[in-house]
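Q: Sequence unavailable; structure follows:
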RNA sequence: CGGGGCGUAGCGCAGUUUGGUAGCGCGUUUGGUUCGGGACCAAAAGGUCGUGGGUUCAAAUCCCGUCGCCCCGACCA
């Protein structure tokens, strides 16, 4: 692909606070059509295709069979499970021309059971798993963050059917491992699994796969001592803990390294950084502190805040013995282990920061709990018989009895995964795509393309690499070096080749990686082989972190 | 669904308080000079000011309705 022909333009100016949204908009990956509704431009569609390919390979590896369910479904199907009535307005409903109730699929348990019903009537067919990659629509009350939370999105959803709980659990573990492989192959092996709340899906056991990041929408409870990890929504034990009094009303939590107030403001929300004022309660004994801060335009009622803190009784903070160092303050160094709890319901945009971690782990009871934010990039559920019972799906077991099969379901949002990788892998100039999902593996920057020799050598290298199977983007525009490099940073291709009159004068091309870990000159004649070797090297680095399949 | 904000050129914005027939930056087109981190000069194109109605000699500007988008909550696989 030549940049001169590529559809889409790049923008210099910042457009959003969330970095993946900012970079993917600026880089010409996504364009908003409506609230929570986006079109994907060629670079994003290429990334999505690659993610989908990984998903298909991994689902096939655990014996999945790809199918396709409908987007629009009759109400009767959803009534058969009872969810037509139990789900709220996030299920988009409408009437067809005959006046019949219809809805757009937001998840496909009903469709999966409908498909499997009557074609798996004997125990000999079990277990099996069917999956699809398809558009979902969920009429979210509030979309935000580019592709992080949208109303229409592409999702891989899988449904497994079993004849025993033990069989389901065994398959659940295989799928759990497949998910670990998927995130590792997509370049974010950092994703962790946490216990989750099953919500409207029903069922008992479920896990969410989380990418830890400060912009995440979920609050996680993590114990580094014993490995306990759970979504705050599902951390039932902690509810009975002393800390509950504080944790419950606090909506958002941030734990981080040493930060100034300005840093924290930036993390909390964008516009606070310039006009922030704060009230600090400091305990001299152990350096812990409570810090309330607000946007500059919010009036702070110190009496009210003090009373609130006394009422909230955070076990880590002894307000009675704390000093009030009030006023408008400048940058304040927070301690390296500060947990930041902030509460928007208090006084307008007021936030509460506490300077210690003293909550007890619900599992090992040590006072080691960490609170982190995460983006949910996938989830898996053990559903049980909730749907097969409601919809009357049965099979004949070994004894000739009619029994309802047991189900599991497994989802990954493709666009959210793409945005999450961008969120995790970027610098100030643009995304740094892992080579396994990069829109192109190599970008050739042909500086001074008006120079005939540059043009010819670039075209020749492009052909040589393409013939060897590489995915190559060639920037053949007659633009300045800075302009071209800035665009290249936004494309985020892991390997970059620079050809210019300068390099050709030395008989070389310049080879660099997007993450700046490598920069070398390569003789023209050796270039194709060296570049292909580098591509393989980068792929091997990704694969080194992929666990074995089970 | 509550609270706040915003719709003016492809993008980002000013102009609205005090009505007078639309402007700036970036981008785009053309010509010239530049050339390794978003170059410079010159010329040019591009907008029924979200939309419907009202007031007025005159509306981007004032009034009423309506649609859309953003942020903060509520909610949420």
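A: Noted; the coordinates are in hand. It should be emphasised that the depicted structure is a prediction, and the values quoted were computed from it without experimental measurement. Numbering: from 1, shown residues only, chains lettered A, B, ... in the order given.

Q: low-scoring stretches of chain A, by residue?
A: A:198-203, A:232-362, A:365-371 (pLDDT under 70).

Q: rerun at 90
A: Where chain A drops to pLDDT under 90, the residues are A:9, A:11-19, A:86, A:88-89, A:118, A:140-146, A:195-205, A:212-374.

Q: Next up, phi/psi of the residue nearest the centre of it, please.
A: Centroid-nearest residue in chain A: residue A:420, 3.5 Å away (criterion: CA atoms, centre = their mean). Per-residue torsions, residue A:420: phi -70, psi -40 (degrees, to the nearest 10).

Q: show me the contacts for it.
A: A:20, A:148, A:188, A:211, A:213, A:375, A:377 (CB atoms under 8 Å, 6 or more residues apart in numbering). From N, CA and C alone the C-beta is placed, and that goes for glycine too.

Q: Just those residues: which are in helices?
A: Among the contacts of residue A:420, the members falling in helices (DSSP state H) are residue A:20.

Q: what's the closest of the contacts of residue A:420 to residue A:459?
A: Of all the contacts of residue A:420, residue A:459 sits closest to residue A:20, with 33.8 Å by CB to CB.

Q: That closest one contacts residue A:211, doesn't it?
A: No: using CB atoms under 8 Å as the test, residue A:20 is too far from residue A:211 to be in contact (10.9 Å).

Q: Between the two, which contacts overlap?
A: With CB under 8 Å, 6+ apart as the test, residue A:20 and residue A:211 both reach A:420, A:423.

Q: returning to that earlier point: state the pair within the contacts of residue A:420 that is farthest apart.
A: A:148 and A:188 (14.1 Å).

Q: which one of those two has more residues nearby?
A: Using other CB atoms under 10 Å as the criterion, residue A:148 and residue A:188 rank with residue A:148 on top: 24 against 21.

Q: mind listing what that one touches?
A: Contact analysis of residue A:148 by CB under 8 Å, 6+ apart lists A:18, A:20-21, A:215, A:217, A:375, A:416, A:419-420, A:423.

Q: what's the answer for residue A:106, then?
A: Shown in contact with residue A:106 (CB under 8 Å, 6+ apart): A:87, A:90-92, A:136-138.

Q: which residue sits closest to it, ignoring its sequence neighbours?
A: Once flanking residues are discounted, residue A:106 sits nearest to residue A:138: 4.4 Å by CB to CB, 6 or more residues apart in numbering.

Q: Surely the one you found and residue A:90 touch.
A: Yes: judged on CB under 8 Å, residue A:138 makes contact with residue A:90 at a distance of 5.0 Å.

Q: So the two - more neighbours on which side?
A: Neighbours were counted for residue A:138 and for residue A:90 using other CB under 10 Å; residue A:138 has more, 21 against 13.

Q: residues touching the more buried one, list them.
A: Contact analysis of residue A:138 by CB under 8 Å, 6+ apart lists A:90-92, A:106, A:151, A:153.

Q: Check the residues you listed and tell me the two furthest apart.
A: Longest span within the contacts of residue A:138, CB to CB: A:91 and A:153, 15.1 Å.

Q: just how off-centre is stretch A:86-105 within its chain?
A: 29 Å (CA atoms, centre = their mean, to the nearest Å).

Q: quick check, stretch A:25-40 touching RNA strand B?
A: Yes: using CB under 7 Å from any atom of the strand, stretch A:25-40 reaches RNA strand B at A:26, A:32, A:34-37.

Q: out of these, which are buried?
A: The neighbour count (16 or more other CB atoms under 10 Å) marks A:26, A:36 as buried among the residues of stretch A:25-40 next to RNA strand B.

Q: residue ranges for the strands of the stretch 351-500 of chain A, please.
A: Using DSSP state E, counting those that start in this stretch, the strands of the stretch 351-500 of chain A run over A:351-354, A:370-384, A:395-396, A:402-403, A:406-413, A:426-427, A:430-431, A:442-446, A:472-475, A:495-499.

Q: okay if I get the ones you listed as TSV plus distance to RNA strand B and mean neighbour count?
A: Converted to TSV, the strands of the stretch 351-500 of chain A look like this (distance: least, CB to the nearest atom of the strand, whole Å; neighbours: other CB atoms under 10 Å):
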stretch	distance to RNA strand B	mean neighbour count
strand A:351-354	9	26
strand A:370-384	5	23
strand A:395-396	26	18
strand A:402-403	25	13
strand A:406-413	4	25
strand A:426-427	10	17
strand A:430-431	8	26
strand A:442-446	8	27
strand A:472-475	10	24
strand A:495-499	5	25
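
Q: Which secondary structure state does residue A:141 sit in?
A: Applying DSSP: H, G, I helix; E, B strand; the rest coil to residue A:141 yields a three-state assignment of coil.

Q: What's the local residue count around it?
A: Neighbourhood size, residue A:141 [other CB under 10 Å]: 10.

Q: leaving aside the residues next to it on the chain, what's closest to it?
A: Distance criterion CB to CB, 6+ apart; nearest residue to residue A:141, sequence neighbours excluded, is residue A:90 at 7.5 Å.

Q: show me what contacts the one you found?
A: Contacts of residue A:90 by CB under 8 Å, 6+ apart are A:106, A:138-141.

Q: any idea how far it is from residue A:142?
A: Distance of residue A:90 to residue A:142, computed by CB to CB, to the nearest Å: 11 Å.

Q: that older thread, closest one to RNA strand B out of the contacts of residue A:90, please.
A: residue A:141 (3.0 Å; CB to the nearest atom of the strand).

Q: Give me the phi and psi angles of the closest one.
A: Dihedral pair for residue A:141: phi -60, psi -30, per degrees, to the nearest 10.

Q: I'd like the distance between it and residue A:151.
A: Using CB to CB, residue A:141 is found at 10 Å from residue A:151.

Q: quick one, domains of chain A?
A: With domains defined by automatic domain parsing, chain A comprises A:44-208+A:374-424, A:242-358, A:440-543.

Q: in the sheet, who's paired with the closest residue to residue A:164 other than its chain neighbours?
A: Distance criterion CB to CB, 6+ apart; nearest residue to residue A:164, sequence neighbours excluded, is residue A:406 at 7.0 Å. Under DSSP bridges, the beta-bridge partners of residue A:406 are residue A:162.

Q: pretty sure residue A:406 contacts residue A:169?
A: No: if you go by CB under 8 Å, residue A:406 and residue A:169 don't touch, sitting 9.7 Å apart.

Q: what does the stretch 51-200 of chain A put close to RNA strand B?
A: Contact residues, the stretch 51-200 of chain A versus RNA strand B (CB under 7 Å from any atom of the strand): A:88, A:90, A:106-107, A:136, A:138, A:140-145, A:153, A:155, A:197-200.

Q: For residue A:527, see how far away residue A:95 is.
A: Residue A:95 is 62 Å from residue A:527, by CB to CB.

Q: Compare these two and say which is more crowded by neighbours.
A: Neighbour totals were compared for residue A:95 and residue A:527, and residue A:527 leads with 21 against 10 (other CB under 10 Å).

Q: which SS state does the nearest residue to that one once chain neighbours are set aside fall under?
A: Counting by CB to CB, 6+ apart, residue A:509 is the residue found nearest to residue A:527 once chain neighbours are left out, at 5.1 Å. Following three-state DSSP, residue A:509 is assigned to strand.

Q: Assess the claim that residue A:509 and residue A:524 are in contact.
A: Yes: using CB under 8 Å, residue A:509 is in contact with residue A:524, at 6.3 Å.

Q: Neighbour count: these two, which is higher?
A: More neighbours surround residue A:509 than the other of residue A:509 and residue A:524, with 25 against 16 (other CB under 10 Å).

Q: Who are the contact partners of that one?
A: Residues in contact with residue A:509 (CB under 8 Å, 6+ apart) are A:457, A:461, A:497-499, A:503, A:521-522, A:524, A:527.
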